[in-house]
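In: One predicted model, sequence on top.
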Amino acid sequence: MKKVEVADENINFITGVWSEKVLVITKDYEIKGNVFMPKTGRKDRVLSDILNGAKRFVAIKNCEVIHREFPNRKAETHEFLQLNLNSIIILRPIKE
C-alpha cells in the first residue's frame, strides 16, 4: 500500500470531508466556527462554493457567537448552527 503525505491536516480521508475555520459577520452577530465541505473539487474554492451553491443555508460547527450590538455580553457556544446565506455580510477564513 502506498503512503500518501498530506500537508493539510483539515482533510479527513475516512469521511471524505474537510473543514475550514471561518469568521462570519451578519448584521447582528460575529460567528467563528468550522464549515465542512466534501473533498471533491478544489479546496481553495470552498467558501465561494458555499456562497454560490444551490443550498440556502450553511452549517457551522463548534462555533462561538458574539452579539455585535452588545460585545460585552458573554459569547454563546454551539455545537451546530445553521445560518441563512442571505444574512451573511462577510464570510472569510481565519487562522487560529
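Out: Perfect, thanks for sending it.
In: mind listing what Leu51 touches?
Out: The contact partners of Leu51, by C-beta atoms under 8 Å, 6 or more residues apart in numbering, come to Leu85, Ile88, Leu91. For every residue, glycine as well, the C-beta is placed using N, CA and C.
In: What count of nearby residues applies to the residue nearest to Glu76 when sequence neighbours are not counted?
Out: Closest residue to Glu76 in three dimensions, ignoring its sequence neighbours and counting by C-beta to C-beta, 6 or more residues apart in numbering: Val65, at 4.3 Å. Using other C-beta atoms under 10 Å, Val65 has 19 neighbouring residues.
In: Doesn't Val65 belong to a strand?
Out: Yes: under DSSP: H, G, I helix; E, B strand; the rest coil, Val65 falls within a strand.
In: I'd like the numbering to begin with 43 instead of 1 from here.
Out: With 43 as the first residue, the last one maps to Val107.
In: who's it bridged to?
Out: Applying DSSP bridges to Val107 gives these bridge partners: Ile73, Glu118.
In: thinking it is in contact with Ala117, fair?
Out: Yes: between Val107 and Ala117 there is a contact under C-beta atoms under 8 Å: 6.4 Å.
In: circling back: any idea which of the contacts of Leu93 has the most stuff around it?
Out: Neighbours were tallied for each of these (criterion: other C-beta under 10 Å), and the maximum of 21 neighbours falls on Leu133.
In: who does the helix or strand harbouring that one pair up with?
Out: With secondary structure defined by DSSP states H and E, Leu133 is part of strand 130-135. Each strand pairing with strand 130-135, determined using DSSP bridges, is listed with its direction: strand 59-68 (antiparallel).
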